[in-house]
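*Asks:* sharing a model that was predicted from the sequence below.
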Amino acid sequence: KKTLFSGLNIEKEDVFKEHFAKYPVIYLTFKDIRSMNFKDFSSKIKLLISRECRRHSYLAESQVLDDFDKRFFNSIAFMESELSFYEDTLIELSKYLHKYYKQKVVILIDEYDTPIHSAFHYGYYDECINFFKGFLGAGLKDNPDIFKGVITGILRIAKESIFSGLNNLGVYTLLSDKFSDKFGLTRPETDQLLKDSFNEDHAQDIEKWYDGYIFGDTQVYNPWSIMNYLSNIKDGFKPYWANTASD
């Protein structure tokens with residue numbers, strides 16, 4: 001919805017006007033895929049991908065898919081296929097969406113490495129990696145139906161050679177200058193947030209508790225901690241970020 005961006009700086013950018021709401025999107029987040037064994041991992045992966053297919057259930061009724069494509073799509077959506085067939089979902093679903101909308105697809109994959117951490121910890125790392133090699137490799141490398149793909153995670157795919165079939169990525173980390181102001185709240189953004197919430201007198205304490213990050217050449221504040229603090233000011237300052245995960 002364009003109204004969500006009304007009045008924001010991004011609305012003034014030419015790139016926003018050029019690309020807003022232009023592309024069909026495949027979105028998957030693996031943040032909750034934590035399993036103690038490969039069988040449970042397989043079930044959760046199939047359910048996650050099935051949900052994304054069901055979000056595009058209109059494809060099964062369209063005329064742009066032939067009978068074979070519809071059968072494959074439905075077998076994934078209804079979780080009737082073996083896990084190996086799910087490896088082809090990204091490339092097949094992007095092809096279907098491209099045909100339907102006559103527009104290339106954007107693929108967004110969040111926290112791809114969460115299940116990999118879990119698999120390493122519980123001893124089924126090789127099986128997990130074999131799945132992601134096929135899944136990400138087929139979907140993102142040499143796929144003619146995607147406009148752009150974005151993957152977020154802690155493990156660096158290209159540097160660590162985790163997926164030999166997917167090595168043509170542009171990697172941007174906390175040390176990169178290009179997106180250094182996008183990993184948190186900048187000082188001007190924090191000052192504006194405090195002003196809008198009538199908490200400008202808290203600025204020094206906010207900086208003392210939740211500043212301290214330098215990404216590239218940018219001073220960055222921790223957004224999770226600041227938003228939690230402003231939502232619960234009476235509770236005082238707390239290390240909110242330290243309580244979000246283990247090492």
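*Replies:* Received, thanks. Predicted model, so just to flag it, every value in this text is computed and none were measured.

*Asks:* from the middle of its chain, how far away would the strand or helix carrying residue 127 be?
*Replies:* Using DSSP states H and E, residue 127 sits in helix 125-140. Relative to its chain's centre, helix 125-140 lies at 17 Å (CA atoms, centre = their mean, to the nearest Å).

*Asks:* in that helix, what's buried?
*Replies:* 128, 131, 132, 133, 134, 135, 136, 137, 138, 139, 140 (16 or more other CB atoms under 10 Å). To be clear about C-beta, it is placed using only N, CA and C from the backbone, and glycine gets the same treatment.

*Asks:* immediately after the lowest-mean-pLDDT helix or strand in the chain, which helix or strand?
*Replies:* Of all helical and strand segments in the chain, the minimum by mean pLDDT, DSSP states H and E falls on helix 157-160, at a mean of 59. Next helix or strand after helix 157-160 toward the C-terminus (DSSP H and E): strand 185-186.

*Asks:* tell me the mean pLDDT over that following strand?
*Replies:* Mean pLDDT, computed over strand 185-186, is 90.

*Asks:* in its sheet, which strands sit next to it, and in what direction?
*Replies:* strand 218-221 (antiparallel) (DSSP bridges).

*Asks:* CA atoms of the partner strand as PDB?
*Replies:* Extracted in PDB, the C-alpha atoms of strand 218-221 (Å, rounded to 0.1, in the frame of the first residue of the first chain):
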ATOM      1  CA  THR A 218      27.900   5.500  10.200                       C
ATOM      2  CA  GLN A 219      27.000   5.900  13.800                       C
ATOM      3  CA  VAL A 220      24.100   3.500  14.500                       C
ATOM      4  CA  TYR A 221      21.700   3.000  17.400                       C
END
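
*Asks:* which residues sit against that strand?
*Replies:* 180-181, 183-187, 189-190, 206-207, 210-211, 213-214 (CB atoms under 8 Å, 6 or more residues apart in numbering).

*Asks:* now the chain, which segments are flagged as low pLDDT?
*Replies:* Counting by pLDDT under 70, the ranges of the chain that qualify are 157-168, 243-247.

*Asks:* and the residue nearest the centre of it?
*Replies:* Residue closest to the average C-alpha location in the chain (CA atoms, centre = their mean): residue 110, at 2.3 Å.

*Asks:* from residue 214, how far off is that residue?
*Replies:* 25 Å (CB to CB, to the nearest Å).

*Asks:* which among the buried residues of helix 125-140 gets closest to residue 51?
*Replies:* Closest to residue 51 out of the buried residues of helix 125-140 is residue 135 (15.5 Å), distances taken as CB to CB.

*Asks:* how near is that closest one to residue 208?
*Replies:* For residue 135 relative to residue 208 (CB to CB), the value is 44 Å.

*Asks:* what are the phi and psi values at residue 27?
*Replies:* Here is the backbone geometry of residue 27 (degrees, to the nearest 10): phi -130, psi 120.

*Asks:* residues in contact with the residue lying closest to residue 11 once chain neighbours are set aside?
*Replies:* Using CB to CB, 6 or more residues apart in numbering and skipping the chain neighbours, the partner closest in space to residue 11 is residue 5 (4.9 Å). By CB under 8 Å, 6+ apart, the residues touching residue 5 are 11, 16, 20.

*Asks:* longest helix in this structure, please.
*Replies:* Looking across the chain with DSSP state H, the single longest helix is helix 38-55.
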